[in-house]
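In: Got a predicted structure plus its sequence, pasted below:
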Amino acid sequence: MSRRATAARGARTIAVAAVSAAGALLLAACAPTTTTLTYDPSDGVGVSVLGEEQTDLRGINLMVISAAEGEAGNVLGALANETADDVSFTLEAPGASPVTVAVPAGGTVYLGTETGQAVQLDTVDAAPGEYVTATLTVGADSRDFELPVLDGTLPEYADYLPVAVLPSPVVSPSPAVSPSPSGSPSPSATE
C-alpha cells in the first residue's frame, strides 16, 4: 500500500471518530438527566392526583402491608404537596374506612416508617400479591389507582405487618378446695 493511501485511510478514521464523538455529545446534551426524573424506588406505586404531567400533589411508592385478605393493613410510602397551601389527602379502598392525612405546603409526609405517620386500613380487600383499587383525593381532585398488597414474606416488610390484637385471656376460677372425706382438714405438707 502506498504512503498516500495509508495517509488517506488515517484521515478518514480520524474524521469518522470526530463525527461519532460530536454525535454522542449532541445526543447526551438532548437526553434528560435521569436523576431528576420522578420514580418509585421500591415495590409501591406512584399516583399524581392532578394527572400524569402534574406532580404538585402526589403519592409516592404507595403500598399496603397485610397478613391476609380481610385483615388490617399498614400503608407505606409518602404523600407530597408541592403547592403553596396546606392540604389533606384522603385514601379510600373498598371495604375500608377512609384515611385522611394532612400535608403542609411544600412538604412531604412519610407513611408507616419509624419517623413517619402510622396509617392503617382497617381491612384490605385483596390477598397479598394482588392489587386493591384505591382512590387518592385532595379537595375536588381525585385519582383511582392500583395499590399493591404485600405481606411479610419479604424480610424488609415483615416488621410492617399490623400487630394482631389478641383477645384477652379468659381467666377461669380456681377450683374450690374440697374437704377430705373424713370431714377433717387434710394434713399439710409441714406436719
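Out: Good, I have the coordinates.

In: Could you use CA atoms for every contact and neighbour count after this?
Out: Noted.

In: Pretty sure Thr137 sits against Val87.
Out: No: using CA atoms under 8 Å, Thr137 is not in contact with Val87; the gap is 10.2 Å.

In: between these two, who's got more neighbours?
Out: It is Thr137, of Thr137 and Val87, that has more neighbours when counted by other CA atoms under 10 Å, with 21 against 18.

In: Identify the residue spatially nearest to that one, adjacent ones excluded.
Out: Spatial nearest neighbour of Thr137, chain neighbours left out: Thr90 (5.1 Å); criterion: CA to CA, 6 or more residues apart in numbering.

In: now do Ser42
Out: With CA to CA, 6+ apart, the residue lying closest to Ser42 is Asn61, at 6.5 Å.

In: need the next SSE after the helix-or-strand element of the chain with minimal mean pLDDT, C-terminal direction.
Out: Least confident helix or strand of the chain, by mean pLDDT, DSSP states H and E, is helix 3-30 with a mean of 75. Counting by DSSP states H and E, the element after helix 3-30 in chain order, helix or strand, is strand 45-48.

In: Residues touching that next one, excluding its own?
Out: Defining contact as CA atoms under 8 Å, 6 or more residues apart in numbering, one finds that strand 45-48 is touched by 39-40, 54-63, 143, 145-148.

In: Just these: which are in strands?
Out: Using DSSP state E, Leu57, Arg58, Gly59, Ile60, Asn61, Leu62, Met63, Arg143, Phe145, Glu146, Leu147, Pro148 are the members of these that sit in strands.
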